[in-house]
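Trainee: Predicted coordinates and the sequence they were generated for:
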Amino acid sequence: MRVSRLTLETSAPDSALRLARDIRALAASPPDVGAAVRDILAAVRERGDDAVLEFTRRFDSPAAGEQLRVPAEAVEAALAGLAQDVREGLEAAIENVGRVVDADPGSAFEIELPQGQGVALSEIPVRRAGVYAPGGRAAYPSSVVMCCVPARAAGVAEVAVVTPPGPDGKPSDLVLAACALCGVREVYAVGGAQAVAALALGTESIPRVDVIVGPGNHYVQEAKRQVVGLVGIEGVAGPTELLVIADEEADPALVALDLVAQGEHGDDTLLVLVSSSKRLLDAVEEEAERLASVHATIADASLALVDVGSLEDAVEVANAVAPEHLQLLCEDAPNLAEEIRCSGCVFVGAGAGTAFGDYVAGSNHVLPTGGAARFAGPLGKAQFRRRQALVSLPVPAARALAPYVSSVARAEGFPVHAESAEARETLSTSQTKSQ
């Protein structure tokens, strides 16, 4: 357990931002994988399935078979063999995430403007979406749920899941069962940057998609970054992050447990406790080190303990860090939550552990990391839809607007734009109605 102590120096200008930089510097720097990912993308572009299979056998499993697509029977069989308690948990997650997604009002609207023209904005689902379900350190059926449920709710016609094969050359039955429960039967046993390349470029076996979403390692995220423009992505996800704001009354055992639990995602996870109580900071440090000594899954976790003067200071630090997850374990948590501007997901009160959000609370665990919560939010319908505008211009409206178009277009050096608008001035109302 690596423990760092930091203090907010309120007398310094931009103190919260400076502290946020210091906190982020505690996270391990990602490896430089750009060149390797570019090589993989180039190979898949040139050789298709052959390259995907080569890299899958090299990086995922030497036992990977010739067929990348997992037979539908295997997906169904995995569901049939799923332990009942696990199935019930996944079904609860699917139902709750689905309810939250369906409650999303969307952003479609229609408006009539003063000159008489109408603009309608609609949301149209993409045709195909690709979901990356991580493997390697563990199987993540929960990530299948978090990505596939919003895609289905958005109206995506075809959802394809890619997931790395294990040592036996086959993907996790947990992941396959989750796919089946989410109504997805198109699954490919391939992981890493080659999986992202195949989804973005298309190969003989894997049709290209319009959007790719899902967590994954540095290679997966770098591949997503490099294919932006060919496809849409929900963001480039980094290591898990949890920042907890707690006061003197918080239970140090509960605070420590919630923090180090997120350390199971990897030793590069950013874990931060911000408090004005030195007693709490000391007690949490002691309990976190005890937990790390008995659980191998968190033995290498890193925890930052930040001493601040007040809860107001703690909120300022949290907004500056813009963490993926933020827990409020303090007496005035509901009111304090109203002051949070920058977090992927805020968990309010003693009952709201981040682990619930990872699975069945109904919120989505695909969230912005690396400070991206300043401008991004949870995965939802929007990432699987594109907005489309419909413009209606009756002749009177066109006549009213043509002079504006003409003057601006000519100022920009586009005389034909101006003429295109001016041509509408000679149209009759009957001409427009007949067309």
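Mentor: Everything's here; your move.
Trainee: how's this structure carved up into domains?
Mentor: Using automatic domain parsing, the domains assigned to the chain come out as 2-30+238-361, 34-106+125-235, 393-434.
Trainee: Check the offset of stretch 37-45 from the chain's centre.
Mentor: Chain-centre distance of stretch 37-45: 24 Å, with C-alpha atoms, centre = their mean, to the nearest Å.
Trainee: And that stretch, what's buried?
Mentor: Buried residues in stretch 37-45, counting neighbours by 16 or more other C-beta atoms under 10 Å, are found at 37, 40-41, 43-44. Placement of C-beta: from N, CA and C, glycine included.
Trainee: What about these, which are in helices?
Mentor: 37, 40-41, 43-44 (DSSP state H).
Trainee: where exactly do the helices run in the stretch 301-435 of the chain?
Mentor: Secondary structure of the stretch 301-435 of the chain by DSSP state H, counting those that start in this stretch: the helices cover 311-321, 333-337, 354-359, 395-411, 415-422, 429-434.
Trainee: ok, back up a step: JSON lines for the ones in helices among the buried residues of stretch 37-45, including distance to E158 and pLDDT?
Mentor: Formatted as JSON lines, those follow (distance: C-beta to C-beta, whole Å; pLDDT from 0 to 100):
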{"residue": "V37", "distance to E158": "26", "pLDDT": "94"}
{"residue": "I40", "distance to E158": "24", "pLDDT": "96"}
{"residue": "L41", "distance to E158": "23", "pLDDT": "95"}
{"residue": "A43", "distance to E158": "25", "pLDDT": "97"}
{"residue": "V44", "distance to E158": "20", "pLDDT": "97"}
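Trainee: Run through who's touching the longest helix belonging to the chain.
Mentor: Criterion DSSP H: the longest helix present in the chain is helix 84-102. If you take C-beta atoms under 8 Å, 6 or more residues apart in numbering as the criterion, helix 84-102 is touched by 79, 82, 141-142, 145-146, 149-150, 153, 174, 177-178, 181-182, 359-364, 380-381.
Trainee: right, and the helix or strand after that helix?
Mentor: Once the chain leaves helix 84-102, the next helix or strand it forms, by DSSP states H and E, is strand 109-112.
Trainee: which one is Q221 nearest to, not counting chain neighbours?
Mentor: Leaving aside its chain neighbours, Q221 sits nearest to V236 (4.8 Å; criterion: C-beta to C-beta, 6 or more residues apart in numbering).
Trainee: same thing with A301?
Mentor: Nearest one to A301, counting by C-beta to C-beta, 6+ apart, is G263 at 3.0 Å.
Trainee: Now for the one you found: which residues touch it?
Mentor: 269, 271, 292, 297-298, 300-303.
Trainee: what does V126 give?
Mentor: 156, 209-211, 232, 384-386.
Trainee: So the residue nearest to T240 when sequence neighbours are not counted versus L271, what's the distance?
Mentor: Distance criterion C-beta to C-beta, 6+ apart; nearest residue to T240, sequence neighbours excluded, is H265 at 4.0 Å. Separation of H265 from L271 (C-beta to C-beta, to the nearest Å) stands at 10 Å.
Trainee: And the two? Which one has more around it.
Mentor: Neighbours per residue (other C-beta atoms under 10 Å) separate H265 from L271, with L271 holding more: 27 against 19.
Trainee: on that earlier part again, show me the contacts of V126 that map onto strands.
Mentor: The strands, defined by DSSP state E, take in 211, 232, 385-386 from these.
Trainee: my guess is R152 meets C179, correct?
Mentor: No. At 11.6 Å, R152 and C179 do not qualify as touching, with contact defined as C-beta atoms under 8 Å.
Trainee: nearest to L280, of the buried residues of stretch 37-45?
Mentor: Using C-beta to C-beta, V37 comes nearest to L280 of those, at 42.7 Å.
Trainee: Just name the closest of the contacts of V126 to V321, please.
Mentor: G232 (27.1 Å).
Trainee: residues touching the closest one, list them.
Mentor: Listed by C-beta under 8 Å, 6+ apart, the contact set of G232 reads 126, 210-212, 383.
Trainee: Inside strands: which ones of the contacts of G263?
Mentor: Applying DSSP E to the contacts of G263, the entries found in strands are 271, 302-303.
Trainee: before we move on, the earlier item: tell me the one among the contacts of V126 nearest to A51.
Mentor: V209 (17.9 Å).
Trainee: Sketch out the low-pLDDT regions of the stretch 51-200 of the chain for me.
Mentor: 104-107, 136-137 (pLDDT under 70).
Trainee: Identify each of the helices in it and give its residue range.
Mentor: 72-80, 84-102, 141-154, 173-181, 192-201.
Trainee: out of those, deepest packed?
Mentor: helix 192-201 (a mean of 28; mean count of other C-beta atoms under 10 Å).
Trainee: Test my guess that C330 contacts V255.
Mentor: No. Using C-beta under 8 Å, C330 makes no contact with V255, being 10.5 Å away.
Trainee: what sits in contact with each of those two?
Mentor: Counting by C-beta under 8 Å, 6+ apart, the common neighbours of C330 and V255 are A246.
Trainee: pLDDT below threshold where in the stretch 301-435 of the chain?
Mentor: Applying pLDDT under 70 to the stretch 301-435 of the chain flags residues 429-435.
Trainee: closest to Q117 among the buried residues of stretch 37-45?
Mentor: Nearest to Q117 among the buried residues of stretch 37-45, with distances taken as C-beta to C-beta, is L41, at 43.8 Å.
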